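Trainee: coords please:
(one chain, ligands or ions: 2)
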Amino acid sequence: MRPLLSWAGWRAVLARTYSPGPSAGYRGTSGAQGYVRNTPVGTCDLQGELDRFGGISVRLAQLDALDRLDAAAFQKGLQAAVQQWRSEGRTAVWLHIPILQSRFIAPAASLGFCFHHAESDSSVLTLWLGEGPSRLPGYASHQVGVAGAVFDESTRKILVVQDRNKLKNMWKFPGGLSEPGEDIGDTAVREVFEETGIKSEFRSLLSIRQQHTNPGAFGKSDMYIICRLKPYSFTINFCQHECLRCEWMDLNDLAKTENTTPITSRVARLLLYGYREGFDKIDLTVEELPAVHTGLFYKLYHKELPDNYKTMKGID
Ligand SMILES: NC(=O)C1=CN([C@@H]2O[C@H](COP(=O)(O)OP(=O)(O)OC[C@H]3O[C@@H](n4cnc5c(N)ncnc54)[C@H](O)[C@@H]3O)[C@@H](O)[C@H]2O)C=CC1
Ligand SMILES: [Mg+2]
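Mentor: Ligands and ions are numbered 1, 2, ... in the order given. I've put the predicted structure just below:
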């Protein structure tokens, strides 16, 4: 069996990762926005990266000797490292711990580290070293749910379901939680298909509801977005796990019924208004635009802009 790495050995490993100051051992390059891009601090097993806010990120997964390190030795080494980083004026430490190395969580917590977030295979703990209260941003604050109001203009019918798992069986639009990296419209189309068997396409965004400490949102807030969708299949084949009933209902009936939720009722009236007066009155349409510095793209939702405003060069 290989011997555990001693405190001194661990400290030596950490020492090799130190960046003695903002200039030595750390090569900053200017990014397109004028901020500094990260460069690994040191070259050894422990990846301590300096970020543009003066914080250090330590990824334990990148430490070769990790499986030979015991929790007490880790605590001593981390304490010494934190002291060093503090003396160098670092603002914060981000400690990434793989789930199988979770024995290092308690020692880090005893030094003042707190959970920032956890994903399926790792957790991230933080320690604020800067002046005053922590300025580190929190993790995700909301879950995002999306529903599809699938409206067939030719028959004036709207697709509604009753949820199997709710105490009250009220009519609502099919929908569910957005998956990581999924566009809002794609969530609506996917959820509608999974729950009802109806195929549809995204038309617009109609409403956003924000509710805090929503039951079922794990203590987070809930953002619930309703989209207008256009159907291109009409035969219902609903999911027996999630739905009790599913039907095409006349939009007037949905707007009038009491057997629905306030948000569904309000959106039914909004749709009725759009149907009678023009959907441009109620639609937030989407356009994909390039992000300025990252090479990425994003979706922007807003009321349709008249063409002369899209192309205008200046304001008279
Ligand atoms: N006002 C309205 O009309 C309503 C709006 N919403 C919103 O819809 C969104 C969520 O939609 P949903 O249809 O609830 O999500 P969803 O369609 O993504 O998933 C619901 C299904 O997930 C499973 N599930 C959920 N929690 C579970 C648990 N703790 N254990 C085991 N299985 C579980 C169940 O099979 C359940 O039928 C939220 O944003 C919520 O606020 C939800 C209900 C009504
Ligand atoms: Mg659902």
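Trainee: From now on I want contacts and neighbour counts done on CA atoms only, so please keep to that.
Mentor: Will do.
Trainee: Quickly list what the residue of the stretch 151-300 of the chain found nearest ligand 2 is bridged to.
Mentor: Ligand 2 sits closest to G176 of the stretch 151-300 of the chain, with a gap of 3.9 Å, by Cα to the ion. Note on G176: beta-bridge partners by DSSP bridges are V146.
Trainee: Who are the contact partners of it?
Mentor: Counting by Cα atoms under 8 Å, 6 or more residues apart in numbering, G176 touches 145-147, 187-188, 191.
Trainee: That one and D51, how far apart?
Mentor: Distance from G176 to D51, counting by Cα to Cα, to the nearest Å: 36 Å.
Trainee: which residues touch T91?
Mentor: T91 touches 53-56, 128-131, counting by Cα under 8 Å, 6+ apart.
Trainee: go again using 6 Å as the cut-off
Mentor: 54-55, 129-130 (Cα atoms under 6 Å, 6 or more residues apart in numbering).
Trainee: How much space separates the closest residue in space to it that isn't next to it in sequence from ligand 1?
Mentor: Leaving out its chain neighbours, the residue that sits closest to T91 by Cα to Cα, 6 or more residues apart in numbering is G130, at 4.3 Å. With distances taken as Cα to the nearest ligand atom, to the nearest Å, G130 is found 37 Å from ligand 1.
Trainee: same check, this time on F193
Mentor: 11 Å.
Trainee: what does N259 give?
Mentor: 11 Å.
Trainee: First-to-last residue distance for stretch 126-135?
Mentor: 11 Å.
Trainee: What's the mean pLDDT across it?
Mentor: Throughout stretch 126-135, pLDDT has a mean value of 96.
Trainee: Repeat that for stretch 70-83.
Mentor: The average pLDDT within stretch 70-83 is 89.
Trainee: So for it, what gets flagged as buried?
Mentor: Buried residues in stretch 70-83, defined by neighbour count with 16 or more other Cα atoms under 10 Å: 70-71, 73-79, 81-82.
Trainee: quick one: it to chain centroid distance?
Mentor: Offset of stretch 70-83 from its chain centre (Cα atoms, centre = their mean, to the nearest Å): 32 Å.
Trainee: who does the residue lying closest to D186 once chain neighbours are set aside bridge with?
Mentor: Closest residue in space to D186, ignoring its immediate chain neighbours: F202 at 7.6 Å, by Cα to Cα, 6+ apart. Here F202 sits in beta bridges with L229, as judged by DSSP bridges.
Trainee: how about the most centrally placed residue in the chain, secondary structure?
Mentor: When Cα atoms, centre = their mean is applied to the chain, the residue found nearest the centroid is A140 (5.6 Å). Secondary structure assignment for A140 (DSSP: H, G, I helix; E, B strand; the rest coil): coil.
Trainee: Name the spans of the protein whose pLDDT lies under the cut-off.
Mentor: Applying pLDDT under 70 to the chain flags residues 1-47, 315-316.
Trainee: Can you show me the CA trace of stretch 205-216 as CSV?
Mentor: C-alpha atoms of stretch 205-216 as CSV (Å, rounded to 0.1, in the frame of the first residue of the first chain):
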residue,chain,number,x,y,z
LEU,A,205,-43.7,33.9,-25.8
LEU,A,206,-46.9,35.1,-24.1
SER,A,207,-46.2,35.4,-20.4
ILE,A,208,-43.7,35.0,-17.5
ARG,A,209,-44.7,34.2,-14.0
GLN,A,210,-42.2,34.5,-11.2
GLN,A,211,-43.0,32.8,-7.8
HIS,A,212,-40.6,32.6,-4.8
THR,A,213,-40.1,29.5,-2.6
ASN,A,214,-42.3,27.5,-4.9
PRO,A,215,-43.2,24.1,-3.5
GLY,A,216,-41.2,21.5,-5.5
